[in-house]
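Colleague: Here is my input, please return the structure:
(chains A and B)
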Amino acid sequence: MSSTEQGTSSAAPAEPTTAPESAAAPEVPESFYYVHGKDKVVHKVSAGALQHSALIHGMISNLGYTEEQAKANPFPFENIDGDILQMVVDWCNQHKGKPTPPEDTNLPKQKEKLFDLVLAVNYLEIKELLTYCCKQVAMMVKGKSPEEIREIWMIPTDAEDEAAEKEAKKRAGKEAAGETAAAAGDAK
Amino acid sequence: MGSIPEFLKSNDHHLKFCILYEVALKKPIFDSYRKFCNAVGPDAMEYRDFEFWYHRFRLGKLDFNYDRSADPVAKTLMDMPVNLMRKITKELDPFERISLRSTSRAIKELSDSIPSVFERIYVTKSAKEVQWELHEKLFECRNNGTGCLFQKTKLYEENYIKKSLEYLSPVFKIPKIQVNYLYLRKMEERHGFFERRRETPDLDGLLSVPIQVKDVQFDGYDVNRVMHFLSAMKPGHLESIDLGFDGKWIDRENFKVIFETDQFQQAKTVDIGWDVEFHLEDLVNFSHLKSFACRLQDDIGPEEILRVPDIVSTFIQFEVCVLLFYYDQQTYPMERFSEALGVEIPEGPLEKFSHRYQIPQSNEYLKFEITDKGTEFFIVIRKIQ
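Modeller: This is a model prediction of the structure:
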């Protein structure tokens, strides 16, 4: 996998981007974890920011990793594109330790990526962000006619659906026939 | 002129310049796409491609030769699992879902599986127009004699009632529709109080399939039409019925058919306007209700007055009711009621007095508040501990 222009490669995890806590406050040092997406670019995220994700929070709650162990074991999310994971990490950082507002103005504006973001957020179980994203997706078609909605959300017409179904059946039939022929060949 | 769209389509860069121009104008993306399609034709570029370049240009990435082939294919609504499609669809209000369900059979099935809750729907009909309010959006279709004018902008040749029903009927046909408050009003014009009313055609076919309504209010419709509308509302779901007949006198005998409906018998609250004058024996029809309001015969005698608490105290669910009477100055009823109930009141005009009636073999009371409002006379009865 090639890495994107932003971030660092897995071989050299990024240095902490989060500002260190005030030296005067004798608080328990914050723990950090590492995640990467399909592009293998590793993101360093604080446990506080990751609390938004029920999935990751569940994974790390009993780990008790040291900094070195966490660095050596980034969580792999191979099903999430790197740029999408970056958006999620940014959102988690922006909302770290803050009550989530009823409306979020920090949502990504790249609408063509919104569905990918919805899938990723759903997988990572980030409830509030999922609600915002779904609202944002719904906003895309507010006040639009059926024809316009079909274009914006790429909904196939019934005729296209039927054609795709026919095609899939045809392909499945061909594959089944191929398998039967191969099995017959093996039997010989 | 015809060759310009062909010229623009002939070169990918020309099309991208068109998009860039739209980005520079900072117009909403879909409006830009519509304009783009109008100028170069709907087949020039799919929306998702237009959207890609639009956002890319908006972010200042102006490389027209950017190679998209290595980019992952962006997901669409149809790539979402059903739970996410439902979550997204739920974010649309029921009115917007009407447009969505028309896009394809698969989406219609999905959309129909989600209950569509309308907080309130108002439909007012007169000889001049039909007005309706859905989700705080106001619509009107005016009768212009030969056809109609919809939303002050669109002229149609069809009759205004027909055109209004074209918009309204599909709303009430949405599967799993729930309406918390439905107000159906019929206004009939008359120049003077005693003038004959100008009848207007009814909104037949408005409620053609059973729907779930919680509170309904009718105003100006006759008993037949009320029966027609009521029959479409699922009994049991209908909690409150408010009936007004806009000054059209309704004989209590004609009203009896409404008492017999399941919708009435399973309601919890009923309010009937002053256009129907009930007799004391009709009160038993309200015995299942938590609260009700109606008009009683104006010339109610002392013996009948005494029977009111006896009757009402047998109503198990009862909480409160309002009984209305009309009177003229010759038959001032305050003394009649106070004498019948055994309450001493001072001589002369009196606006209000109250009375407590202990329900036999119970620690509950009926509190009567009797108020004189000039020509109207109210008795409010509340059950109290």
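
Colleague: Next to chain B, which bits of chain A? Give me the list.
Modeller: Contacts of chain A with chain B, taken as Cβ under 8 Å from any Cβ of the partner chain, map to A:81, A:109-113, A:115-116, A:118-119, A:122, A:130, A:134-135, A:137-138, A:141-146, A:148-158, A:161. To be clear about C-beta, it is placed using only N, CA and C from the backbone, and glycine gets the same treatment.

Colleague: Flag every buried residue along stretch B:11-28.
Modeller: B:15-16, B:18-20, B:22-23 (16 or more other Cβ atoms under 10 Å in any protein chain shown).

Colleague: Which PyMOL command selects the buried ones in the residues of chain A next to chain B?
Modeller: Buried residues within the residues of chain A next to chain B, by 16+ other Cβ under 10 Å, are selected in PyMOL with:
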select buried, chain A and resi 81+110+111+112+113+115+116+118+119+122+130+134+135+137+138+141+144+146+148+149+150+151+152+153+154+155+156+161
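
Colleague: Buried ones in the helix or strand that contains A:Glu162, by neighbour count?
Modeller: Using DSSP states H and E, A:Glu162 sits in helix A:158-187. Going by neighbour count (16+ other Cβ under 10 Å), the buried part of helix A:158-187 is A:Asp161.

Colleague: Summarise which helices and strands it is packed against.
Modeller: Packing partners of helix A:158-187 (3 or more Cβ pairs under 8 Å, 6 or more residues apart in numbering or on different chains; DSSP states H and E): helix B:105-112.

Colleague: Can you name the element that comes right after the helix it packs on?
Modeller: strand B:116-125.

Colleague: what about the strands in the stretch 1-150 of chain B?
Modeller: Remark: strands assigned in the stretch 1-150 of chain B by DSSP state E, counting those that start in this stretch are B:116-125, B:129-134, B:137-143, B:148-150.

Colleague: re earlier: let me have the buried residues of stretch B:11-28 in JSON lines, extended by pLDDT and distance to chain A.
Modeller: Shown next, in JSON lines, are the buried residues of stretch B:11-28 (pLDDT from 0 to 100; distance: Cβ to the nearest Cβ, whole Å):
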{"residue": "B:Leu15", "pLDDT": "91", "distance to chain A": "17"}
{"residue": "B:Lys16", "pLDDT": "91", "distance to chain A": "16"}
{"residue": "B:Cys18", "pLDDT": "91", "distance to chain A": "17"}
{"residue": "B:Ile19", "pLDDT": "92", "distance to chain A": "13"}
{"residue": "B:Leu20", "pLDDT": "92", "distance to chain A": "17"}
{"residue": "B:Glu22", "pLDDT": "90", "distance to chain A": "15"}
{"residue": "B:Val23", "pLDDT": "91", "distance to chain A": "13"}
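
Colleague: which among those gets closest to B:His355?
Modeller: B:Glu22 (75.9 Å; Cβ to Cβ).

Colleague: what's near enough to touch the closest one?
Modeller: B:32, B:35-36, B:54 (Cβ atoms under 8 Å, 6 or more residues apart in numbering or on different chains).

Colleague: Greatest separation within those residues: which pair is it?
Modeller: B:Lys35 and B:Tyr54 (12.0 Å).

Colleague: List the residue ranges of chain A that fall below the pLDDT cut-off.
Modeller: Across chain A, the ranges flagged by pLDDT under 70 are A:1-29, A:99-112, A:185-188.

Colleague: Can you name the residues of the stretch 1-150 of chain B that neighbour chain A?
Modeller: Counting by Cβ under 8 Å from any Cβ, the residues of the stretch 1-150 of chain B near chain A are B:29-30, B:33, B:46-48, B:51-52, B:55, B:59, B:72, B:74-81, B:83-84, B:87-92, B:96, B:99-100, B:102-107.

Colleague: May I have stretch A:123-142 as CSV, with CA atoms only?
Modeller: Coordinates of each C-alpha in stretch A:123-142 appear next as CSV, following Å, rounded to 0.1, in the frame of the first residue of the first chain:
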residue,chain,number,x,y,z
TYR,A,123,-18.0,0.5,11.8
LEU,A,124,-16.1,2.4,14.5
GLU,A,125,-19.3,2.9,16.4
ILE,A,126,-19.1,6.7,16.8
LYS,A,127,-22.7,7.4,17.6
GLU,A,128,-22.8,11.2,17.6
LEU,A,129,-20.8,11.5,14.4
LEU,A,130,-22.9,8.9,12.7
THR,A,131,-26.0,10.9,13.5
TYR,A,132,-24.4,14.1,12.1
CYS,A,133,-23.2,12.3,9.0
CYS,A,134,-26.7,10.8,8.3
LYS,A,135,-28.2,14.3,8.7
GLN,A,136,-25.7,15.7,6.3
VAL,A,137,-26.4,13.0,3.8
ALA,A,138,-30.2,13.7,4.1
MET,A,139,-29.5,17.4,3.6
MET,A,140,-28.2,16.6,0.1
VAL,A,141,-31.7,15.8,-1.1
LYS,A,142,-33.8,18.2,0.9
